[in-house]
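>>> when you get a sec, could you give me coordinates for this:
(one chain, ligands or ions: 1)
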Amino acid sequence: AKKPAGVPQVRPRSVRRVGVVGAGLMASQLALVFAQQLRVPVVISDIDQERVDRGLSYIAEQNAKQVKKGRLTQDQADSLTGLVTGSTDKSVYADADFVIEAVFEEIGVKKQVFAELEEIVSPETILATNTSSLSVTEMAADLKHPERVIGFHFFNPVQVMPLVEIARTSQTAEEPIATAFDLAATLRKTPVLTKDTTAFVVNRLLLRLMAEVQKAFDHGTDARTADEALKPLGLPMSPFELLAMVGLPVAQHVTESLNNSYGDRFYVSPNVQSLIEHDVTEVWSTDESGAKHIKDSTLEL
Ligand code: 3HC
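Numbering: from 1, shown residues only. As a prediction, this is how the structure comes out:
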């Protein structure tokens, strides 16, 4: 197969133990996919046991689905589920070769996670971030070893979406880049190497479309009409379906980051803000025939 562009000529680090920081949706999906494809122990953590347990249950459920689909035996599913363990204590990352954080998308939170990790892991452990819109350079700035930090950005749902963005900063060493490419191949993902610019490549392009849809929404095009009008373009998911899957607060947060960096072409919708403030997180409902409809509550603004 053709080698992707930008792979350094150094040996990748061998990854025998993976850490995922966080146990939310992206973190659990990442832990699942690392366990499924690398077949190595994966540790996850979160701020309380309830979150950790929710993450572990998600992983068990996803493996059980593969049994139902006839792709795994019960034993295989059990051993995959058993590869992932969880804790509220970050010392579980001590022996990890590669740790990826997927915690709340806030620069202060991410910097603190990396600072704590640096006290625990070996100086060679690679620290990756699944951020979609924050500066990887800033996240690494106060560390003793900023050269080990790399962006490794996956898309939701991680199990299905083929792309991963590998974002290097001006300080990232060659080994983390080579390792990210190597991991991407093992995870059966298609890697692209990007510079550390806000929202890398995909979200810069995708959110431009989403911002325009939301602007039309604010100008009076209701969500259902916008979705129906765009479906024939061949998008795998209509814009509001995608918004609902990513989660309105997360999507809004990413748009705000883009707005801060690139200005008004990344428009922040007051109507979407109002949906968030009214806690309208379920944009869709399913009728008896299984067809999905945008909920009327979304249209009444
Ligand atoms: N979680 C896990 N697996 C899922 C899933 C989900 N939410 N949704 C679908 N799947 C799986 C199904 O189980 C099925 O798996 P299988 O082939 O192993 O049985 C497979 O995906 C295909 O499912 P369907 O046939 O039901 O679905 P579709 O053909 O409708 O495809 C889709 C589903 C791949 C999710 C497609 O709708 C899609 O590509 N949507 C766009 C997703 C997208 O753009 N994501 C990026 C969001 S932005 C982002 O993540 C960046 C962040 O930083 C903000």
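>>> from here on, contacts and neighbour counts on C-alpha atoms
Noted.
>>> give me every residue that touches the residue of the stretch 1-150 of the chain found nearest the ligand.
In the stretch 1-150 of the chain, the residue that lies nearest the ligand is S132 (4.2 Å; C-alpha to the nearest ligand atom). Counting by C-alpha atoms under 8 Å, 6 or more residues apart in numbering, S132 makes contact with 153, 198-200, 203, 254.
>>> what about A244, neighbour count?
A244: 17 surrounding residues under other C-alpha atoms under 10 Å.
>>> report the separation between it and V40.
32 Å (C-alpha to C-alpha, to the nearest Å).
>>> tell me the mean pLDDT for stretch 103-118?
Mean pLDDT, stretch 103-118: 96.
>>> name the residues of it that are buried.
Neighbour-count burial for stretch 103-118 flags 103, 105, 107, 110-111, 113-115, 117-118 (criterion: 16 or more other C-alpha atoms under 10 Å).
>>> chain center to it, what's the gap?
15 Å (C-alpha atoms, centre = their mean, to the nearest Å).
>>> are we agreed that the residue of the stretch 1-150 of the chain closest to the ligand is in a strand?
No - secondary structure of S132 (DSSP: H, G, I helix; E, B strand; the rest coil): coil, not part of a strand.
>>> so M237 sits in a helix?
No - under three-state DSSP, M237 sits outside any helix and is assigned coil.
>>> quick one, grab the pLDDT at the nearest residue to it once chain neighbours are set aside.
Closest residue to M237 in three dimensions, ignoring its sequence neighbours and counting by C-alpha to C-alpha, 6 or more residues apart in numbering: K231, at 7.6 Å. Per-residue pLDDT puts K231 at 79.
>>> so what's the residue count around K231?
Per other C-alpha under 10 Å, the neighbour tally for K231 reads 13.
>>> what's the answer for the one 3 residues further on, then?
Around G234 sit 8 other residues, with neighbours defined as other C-alpha under 10 Å.
>>> for the ligand, see how far away it is.
Distance, G234 to the ligand, using C-alpha to the nearest ligand atom, to the nearest Å: 11 Å.
>>> check what pLDDT that residue gets.
Reported pLDDT for G234: 83.
>>> make a markdown table out of the buried residues of stretch 103-118 and add distance to the ligand and secondary structure.
Below are the buried residues of stretch 103-118 laid out as a markdown table (distance: C-alpha to the nearest ligand atom, whole Å; DSSP: H, G, I helix; E, B strand; the rest coil):
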| residue | distance to the ligand | secondary structure |
| --- | --- | --- |
| V103 | 12 | coil |
| E105 | 9 | coil |
| I107 | 15 | helix |
| K110 | 15 | helix |
| K111 | 18 | helix |
| V113 | 19 | helix |
| F114 | 19 | helix |
| A115 | 23 | helix |
| L117 | 22 | helix |
| E118 | 25 | helix |
